[in-house]
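K.L.:
no sequence on hand, only this structure:
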């Protein structure tokens, strides 16, 4: 497994003479695309109805996935490539456990959860986000902060989190959370909601 990890990493990792513009573009993919996730979820919340429910479920699934990641990192510490002087690193990063990748976990789990929605808008959003996760995953290996198996682990954790949130207890938890959040939302934004600028 480690042999595959090392060989595939070297195949994807940027060489030392990579042009600066390529590194800059990869850095945007590695660190920038993830900011689309909260924007996407906020947009779905504002649409209301089933899209709002899908946004809440995706958010909770992401939180669960990150908790699983934290547990894995504590129980099975795995150094990042630059920590063992393997390959070339172009992206400053804390020397914490590499497994699984938090960035790709957030994007994978959000996409997968949206794909499970009954409504077409969240499903379309999930497909688009899943496509954007691929360049993010590639860029984090290309720049030297993750191993390929970190990405595989992120996908597995994302699947587990989706199954947990899709279960009956998970749906009840999300329903209760949505009710509470909607009360706060309607109280704080009562005026624009009353004027029809926002959906209740």
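P.N.:
Okay, I see it. All of these numbers come straight from a predicted model, not from anything done at the bench.
K.L.:
neighbours around residue 96, how many?
P.N.:
By other C-beta atoms under 10 Å, 12 other residues sit near residue 96. Any C-beta I mention is one placed from the backbone N, CA and C, and that applies to glycine too.
K.L.:
please apply the same query to residue 85.
P.N.:
8.
K.L.:
now residue 44
P.N.:
25.
K.L.:
same thing with the one 5 residues further on?
P.N.:
Residue 49 is flanked by 11 other residues according to other C-beta under 10 Å.
K.L.:
residue 119 is in contact with that one, correct?
P.N.:
Yes: here residue 49 reaches residue 119: they are 7.2 Å apart, a contact under C-beta atoms under 8 Å.
K.L.:
in the chain, where's the longest helix?
P.N.:
Longest helix in the chain, counting residues (DSSP state H): helix 49-75.
K.L.:
ok, the residue positioned nearest the centre of the chain - contacts?
P.N.:
With distances taken as C-alpha atoms, centre = their mean, the residue of the chain nearest its centroid is residue 106 (1.6 Å). Residue 106 sits next to 34, 37, 62, 65, 66 when contact means C-beta atoms under 8 Å, 6 or more residues apart in numbering.
K.L.:
rerun at 10 Å
P.N.:
Going by C-beta atoms under 10 Å, 6 or more residues apart in numbering, residue 106 touches 34, 37-38, 58, 61-63, 65-66, 69, 133, 136, 154, 158.
K.L.:
for ChimeraX, write the select line for the buried members of the residues you listed.
P.N.:
With 16 or more other C-beta atoms under 10 Å as the criterion, this ChimeraX line picks the buried residues out of the contacts of residue 106:
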select :34,37,58,61,62,65,66,69,133,136,154,158
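K.L.:
can you name the two of the contacts of residue 106 that sit furthest apart?
P.N.:
Spanning the widest gap among these are 63 and 136, at 19.2 Å by C-beta to C-beta.
K.L.:
can you classify residue 93 by secondary structure?
P.N.:
Assigned with DSSP: H, G, I helix; E, B strand; the rest coil, residue 93 falls in the coil class.
K.L.:
quick one: the strands in this protein?
P.N.:
Along the chain, no stretch is classed among the strands by DSSP state E.
K.L.:
low pLDDT regions in this protein?
P.N.:
Along the chain, no part satisfies pLDDT under 70.
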